[in-house]
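Chemist: quick one: sequence plus predicted model below, questions after.
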Amino acid sequence: MGWKTLDQMELEGKRVLTRVDLNVPIKDEKISDDTRIKKIIPTLSHIIKRGGLPILVAHLGRPNGKRNPHLSFAKIFADIEKLIGLPLIFAADCIGTAAELAVKSQKTGGVVLLENTRFHAGEEKNSISFAKSLAKLADIYCNDAFSCAHRAHASTEAIAHLLPNCSGKLMEQELLSLESALTKPERPLTAIVGGSKVSTKLDLLNNLIQKVNTLILGGGMANTFLAAKGFSIGASLAEHKMKNNACMILDTAQKAGCKILLPSDVVVAKQLNSDVENFVVPVTDCPSKLMILDIGPKTLENAKGILVNSKTVIWNGPLGAFEIKPFDQATNILANFVSNLSYNEKLISVAGGGDTLAALSNAEASDGFSYLSTAGGAFLEWMEGKKLPGIAALE
Ligand code: 3PG
Ligand code: MG
């Protein structure tokens with residue numbers, strides 16, 4: 001890593017502006033998944049133990065530069081305080097007098113939470129003057145929000161140039177895990193990529209075929225590949241406009257020595273509905289009125305064969321329409337297979353991005369995985385091989 005970690009900073013008596021990701025899902029005014037909050041605890045404890053004051057800076061939702069009471073941290077302040085188990089003071093604005101007073105009044109051993117940064121238009125504009133107002137509150141900037149590192153915003157990018165900076169514990173853990181999965185992996189390295197569209201994962205696929213030994217494709221995006229190879233895919237969802245791109249990926253993969261596993265059999269049904277009758281057919285025989293909703297048992301066996309011989313696996317995206325049973329079956333079986341292999345230390349498995357964690361949790365397979373990233377978009381951009389502005393700014 002080309003930047004400082006928390007361990008390398010002198011923290012005694014220092015105010016540490018700590019960028020965290022508190023962008024948690026909220027349903028009926030309650031946090032429906034508190035994983036992101038729990039994951040910042042090691043950083044907070046570390047700063048406090050070494051005599052520093054953590055000042056939490058974060059965003060919630062997309063208020064577009066305007067104050068919005070529904071997206072105020074005041075709503076979930078009590079839950080955050082309970083989850084982190086430390087005395088917390090809330091500042092009703094992230095800059096100016098309210099913020100300054102909160103920082104001044106908090107004692108060592110406590111934490112300050114600043115109001116949603118996205119209530120100020122300067123945040124998403126990466127405004128230097130807004131970043132300067134944030135910088136005034138602290139002596140050190142610590143970025144612990146890997147999942148926001150793909151955003152060049154004032155609290156993730158501009159601010160890093162204004163204060164001595166470092167990465168937090170979660171950021172460190174995310175980067176080390178991702179590095180061990182893709183930059184310096186133990187081989188054979190296999191990627192499992194699913195999800196509905198090729199178009200949103202074009203950069204991802206193009207980067208992966210240069211790096212992995214085998215790419216297992218599932219989900220709606222596999223339909224586009226099957227169509228590109230000339231199979232008739234009936235009424236399945238596919239992006240016919242992307243067929244040329246799919247052919248190019250297959251071609252480049254072959255030249256790069258990357259093996260691609262496409263479905264050889266599939267689960268088909270008339271509708272995406274749990275009560276509807278479903279059948280397994282070879283890809284050569286997809287009935288014209290039915291749609292492909294999952295990969296079939298033979299494909300699953302082939303995928304298992306690849307995985308037993310792999311040392312590292314990186315997973316993004318479900319293999320079938322996992323939200324509707326029984327089309328979650330292949331994802332569930334393969335997720336548990338990977339989870340068990342990792343649990344028994346036969347391979348390293350890293351998963352992240354969008355729907356992936358929901359699919360693994362639906363499969364009750366999350367626990368065995370070596371590492372689950374808290375990031376959605378940032379995980380994808382990192383896997384695409386892009387430089388993330390929030391990380392570049394620390395360098
Ligand atoms: C996320 O939830 O992906 C991060 O917190 C970033 O949020 P954003 O997608 O609204 O920028
Ligand atoms: Mg996002």
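Modeler: In hand now; what should we look at? Ligands and ions are numbered 1, 2, ... in the order given.
Chemist: contacts, neighbours, all on C-alpha from now
Modeler: Will do.
Chemist: contact residues of this protein facing ligand 1?
Modeler: Proximity of the chain to ligand 1, by C-alpha under 6 Å from any ligand atom, involves residues 21, 23, 61-62, 147-148, 376-377.
Chemist: got the residues you listed as TSV, with pLDDT, secondary structure and neighbour count columns?
Modeler: Output for the residues of the chain next to ligand 1, formatted as TSV (pLDDT from 0 to 100; DSSP: H, G, I helix; E, B strand; the rest coil; neighbours: other C-alpha atoms under 10 Å):
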residue	pLDDT	secondary structure	neighbour count
Asp21	97	coil	24
Asn23	96	coil	19
Gly61	97	coil	16
Arg62	97	coil	14
Ser147	96	helix	22
Cys148	98	helix	28
Gly376	90	coil	19
Gly377	92	helix	17
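Chemist: for the residue of the stretch 201-350 of the chain found nearest ligand 1, what are phi and psi?
Modeler: The minimum distance from the stretch 201-350 of the chain to ligand 1, using C-alpha to the nearest ligand atom, falls at Asn316 (14.8 Å). The phi and psi values for Asn316, taken as degrees, to the nearest 10, are phi -140, psi 120.
Chemist: leaving out chain neighbours, which residue sits closest to it?
Modeler: Spatial nearest neighbour of Asn316, excluding adjacent residues (C-alpha to C-alpha, 6 or more residues apart in numbering): Val193 at 5.0 Å.
Chemist: burial of that neighbour, as a residue count?
Modeler: Using other C-alpha atoms under 10 Å, Val193 has 23 other residues around it.
Chemist: out of the residues of the chain next to ligand 1, which is nearest to Leu137?
Modeler: Set against Leu137, the nearest of the residues of the chain next to ligand 1 by C-alpha to C-alpha is Asp21 (19.0 Å).
Chemist: so what's that closest one up against?
Modeler: 36-37, 58-59, 144-148 (C-alpha atoms under 8 Å, 6 or more residues apart in numbering).
Chemist: what's the answer for Ala365, then?
Modeler: So Ala365 contacts 332, 335-336, 339 (C-alpha under 8 Å, 6+ apart).
Chemist: now with 10 Å, please.
Modeler: Ala365 is in contact with 331-340, 357, 359, counting by C-alpha atoms under 10 Å, 6 or more residues apart in numbering.
Chemist: over to Cys166?
Modeler: Cys166 makes contact with 3-9, 18, 140-144, 160, 172, 391, 394-395, according to C-alpha under 10 Å, 6+ apart.
Chemist: one more: Ala351?
Modeler: 178, 181, 191-192, 313-317, 357, 360, 366, 369-375, 379.
Chemist: just the pLDDT for Ala181.
Modeler: Ala181 carries a pLDDT value of 89.
Chemist: looking at it, it is touching Val313, isn't it?
Modeler: Yes. With contact defined as C-alpha atoms under 10 Å, Ala181 counts as touching Val313 (7.2 Å).
Chemist: residues in contact with Leu88?
Modeler: By C-alpha under 10 Å, 6+ apart, the contact list for Leu88 reads 54-56, 77-78, 80-82, 102, 106-107, 109-113.
Chemist: which one of those is nearest to Asn273?
Modeler: For the contacts of Leu88, the closest approach to Asn273 (C-alpha to C-alpha) belongs to Ile80, at 38.1 Å.
Chemist: tally of neighbours for that closest one?
Modeler: 20.
Chemist: try Gly230
Modeler: Gly230, neighbours per other C-alpha under 10 Å, totals 11.
Chemist: now, the contacts of Ala351 that are in strands?
Modeler: Under the assignment DSSP state E, those contribute 191-192, 313-316, 371-372 to strands.
Chemist: looking at those, which one is closest to Ile292?
Modeler: Ile192 (18.2 Å).
Chemist: could you dump the residues of the chain next to ligand 1 into CSV with distance to Lys298 added?
Modeler: Putting these into CSV (distance: C-alpha to C-alpha, whole Å) gives the following:
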residue, distance to Lys298
Asp21, 41
Asn23, 40
Gly61, 42
Arg62, 44
Ser147, 36
Cys148, 39
Gly376, 31
Gly377, 32
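Chemist: which of the contacts of Leu88 fall in helices?
Modeler: Mapping the contacts of Leu88 onto helices (DSSP state H) picks out 77-78, 80-82, 102.
Chemist: tell me which of these is nearest to Pro326?
Modeler: Once C-alpha to C-alpha is applied, the member of the ones in helices among the contacts of Leu88 that ends up nearest Pro326 is Ile80, at 36.5 Å.
Chemist: touching, the closest one and Val112? I think so.
Modeler: No. The criterion here is C-alpha under 10 Å, and Ile80 misses it with Val112 at 11.3 Å.
Chemist: which neighbours do these two share?
Modeler: 86, 88.
Chemist: surely Tyr141 forms part of a helix?
Modeler: No. Looking at Tyr141 with DSSP: H, G, I helix; E, B strand; the rest coil, it is strand, so not inside a helix.
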